[in-house]
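Visitor: Predicted structure and sequence below. I'll ask about it afterward.
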Amino acid sequence: MNPKLKQYRIDLHQIPELAFDLYKTHAYVKGVLESFGYQTETVAKTGLIAVKKGISDEAIAFRSDMDALPVTEQTKNLFPSKHPGNMHACGHDGHMSMLLGFAEVVSKIKSLKKTIVFIFQPAEEGPGGAKVIIEAGIFEKYHIQKIFGIHLYPGLTEGKYGLANGPMMAQNGEFNITIKGKSAHGAQPHLGHDAILAAGALVTQYHTIISRYIDPLDPAVITIGTIHGGEARNIIAHDVKLTGTIRSFNQEIYAKLKHKMRDIDSGIGISYDVQIKNDIIDYYPPVINDHKLFENLKKHLHETQFEILRPMMFAEDFAFYQEKVPGLFVMLGTQNTDKDFIHPLHSCYFDFDESVLDKGVELYQLILNIESAI
C-alpha cells in the first residue's frame, strides 16, 4: 500500500466539515497539490481545481467530493473525527486521498497528450457543489470533454469495482408538507378539522402512486420519513408536518410522481376541509453512465475485478457533470467482514481499510491509459 494514501486518509478523516464550509479541508488539499507542483484555483467557495497541461487543449476531468456529514462518529479506528458531531461517514476522505494519489502520479508524467483536470468539490451531500462548479464555467475554461469519479461502497467486496451501464443512481427530490386544520376539543371533533386524520389519508394515498399509477417495471420511491403533529391526546390537531423523499431513474416518472402528489394534496384538502402546502425541492438528476465509457473500461478489466451493479436509489450530484459531458461513475468495494467493515454509507460505524485506496488510484491510471492521455 502507498503509505501516503493512508496518511491522507488519516489526516482528512480527523477534520470533517460540512457543505461549502470546508476551510481546513481546503487548506490541506491545496497544500498537498501544491507540493506536487500544481497551481490551484479555488472554486465554489472551498473547492479546488488543479490542472496538468497536455499537448492538446482537450481535457479529461477526475472528480472527488470533499464534504462530510453531521454524524457523531462511533467507529473504533485510532484517528476519529476531531470535530464533534461531524464525520466522514460517506468515504469522501477516501475519495480525496485517491485523487491526491493519482494527482501525484500524473505530476510525474513528463508529457501528456490530453490535459488532465482534477476537481475537488464541496457540498456533494447538499446542496450540490457540482452545479456550482459547472455554473462557474470550469468546463468551458478547461475544455473538459469527459469526466470520471469513484465512490467507496460497502455493498461490494473490498477492492472490487462496481460498474453500471446507463442508469446507476436516481434523481431525487425532498418534500416538506404542512397540513393546516382547525383545533377543537377531542370530545367535540365535529367542531374542528382534523389535520392528523387528513395526514393519515394523505400518507395512504401517496403510496397508491407507486402501486397504481407507475408501471411496475419502472422503479420509483416515495418515502415519508417524519411526521409531527398535535398538541394533546384530547385535542383535535390543528396542524401536522411531514417530510420525505421521492426518487426515480426516469425524469418523466419523477415528474409524474410530483404531479400525482399535487393531485392528492388537492383532493385531501377538499375532502377533509384542511389546507395543504407541499414544498417539493428538486435536488440531483439521475446518474447515467455513458455507454461507450462503460464498455471501454469493462473490456480492459478481468471479469474477476468487477461486478455489474443494479441501479441504486442513492443520489449523487456527479449527475450534473454527466448532463454536461459524457461521464462514468464507478463504485469501489470496501466490505471486509473479518474487520467488521460492513456498515452502510452514512452510518456512524462506516469505516474501511486504507489498502483499498490503491485500487482507486490504479483505476484512475487505467482510465488515463484507455483515454490515450499519455
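Guide: Alright, I've got the coordinates. Residues are numbered from 1 along each chain as shown.
Visitor: make it CA atoms for all contacts and neighbour counts henceforth
Guide: Will do.
Visitor: what mean pLDDT does stretch 304-319 have?
Guide: The pLDDT scores in stretch 304-319 average 97.
Visitor: Name the residues of it that are buried.
Guide: Neighbour-count burial for stretch 304-319, with 16 or more other C-alpha atoms under 10 Å as criterion, is recorded at Phe306, Glu307, Leu309, Pro311, Met313, Ala315, Glu316, Asp317, Phe318, Ala319.
Visitor: Now do the helices in the stretch 251-374 of the chain.
Guide: In the stretch 251-374 of the chain, the helices defined using DSSP state H, counting those that start in this stretch lie at 251-272, 291-298, 318-324, 357-370.
Visitor: Please identify the buried residues of the last one?
Guide: When neighbours are counted by 16+ other C-alpha under 10 Å, the buried residues of helix 357-370 are found to be Leu357, Asp358, Lys359, Gly360, Val361, Leu363, Tyr364, Ile367, Leu368.
Visitor: and what of stretch 336-349?
Guide: Under the neighbour-count criterion of 16+ other C-alpha under 10 Å, stretch 336-349 has Asn336, Phe341, Ile342, His343, Pro344, Leu345, His346, Ser347, Cys348, Tyr349 buried.
Visitor: shaky segments in the protein?
Guide: The chain contains no residues with pLDDT under 70.
Visitor: check contacts around the most centrally placed residue in the chain.
Guide: The chain has Glu316 as the residue nearest its centroid, 3.0 Å off, counting by C-alpha atoms, centre = their mean. Counting by C-alpha atoms under 8 Å, 6 or more residues apart in numbering, Glu316 makes contact with Glu124, Glu125, Met169, Ala170, Tyr284, Pro286, Val287.
Visitor: Please apply the same query to Lys4.
Guide: If a contact means C-alpha under 8 Å, 6+ apart, then Lys4 has Gly101 as its contacts.
Visitor: In terms of helices and strands, where is it?
Guide: Assigned by DSSP states H and E, Lys4 falls within helix 3-13.
Visitor: quick one, that helix and helix 357-370 angle?
Guide: Helix 3-13 and helix 357-370 are oriented at 110 degrees to each other (axes from the mean of the first three to the mean of the last three C-alpha atoms, to 10 degrees).
Visitor: Report the distance from helix 3-13 to the chain centre.
Guide: Offset of helix 3-13 from its chain centre (C-alpha atoms, centre = their mean, to the nearest Å): 22 Å.
Visitor: Could you identify the helix or strand that succeeds that helix?
Guide: That would be, after helix 3-13 and using DSSP H and E, helix 23-35.
Visitor: how about the CA coordinates for that following helix, as PDB?
Guide: In PDB, the C-alpha atoms belonging to helix 23-35 read as follows (Å, rounded to 0.1, in the frame of the first residue of the first chain):
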ATOM      1  CA  TYR A  23     -11.800  25.600   5.300                       C
ATOM      2  CA  LYS A  24      -9.400  23.100   6.900                       C
ATOM      3  CA  THR A  25     -10.000  20.500   4.200                       C
ATOM      4  CA  HIS A  26      -9.400  23.100   1.500                       C
ATOM      5  CA  ALA A  27      -6.100  24.200   3.100                       C
ATOM      6  CA  TYR A  28      -5.000  20.600   3.400                       C
ATOM      7  CA  VAL A  29      -5.800  19.500  -0.100                       C
ATOM      8  CA  LYS A  30      -4.400  22.700  -1.500                       C
ATOM      9  CA  GLY A  31      -1.100  22.200   0.300                       C
ATOM     10  CA  VAL A  32      -0.700  18.600  -0.900                       C
ATOM     11  CA  LEU A  33      -1.500  19.600  -4.500                       C
ATOM     12  CA  GLU A  34       1.000  22.500  -4.400                       C
ATOM     13  CA  SER A  35       3.700  20.100  -3.000                       C
END
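Visitor: If you count neighbours, what's buried in it?
Guide: For helix 23-35, the neighbour count (16+ other C-alpha under 10 Å) marks Thr25, His26, Val29, Lys30, Val32, Leu33 as buried.
Visitor: Make CSV from these and add distance to Ala50 to it.
Guide: Shown next, in CSV, are the buried residues of helix 23-35 (distance: C-alpha to C-alpha, whole Å):
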residue, distance to Ala50
Thr25, 15
His26, 13
Val29, 10
Lys30, 9
Val32, 11
Leu33, 7
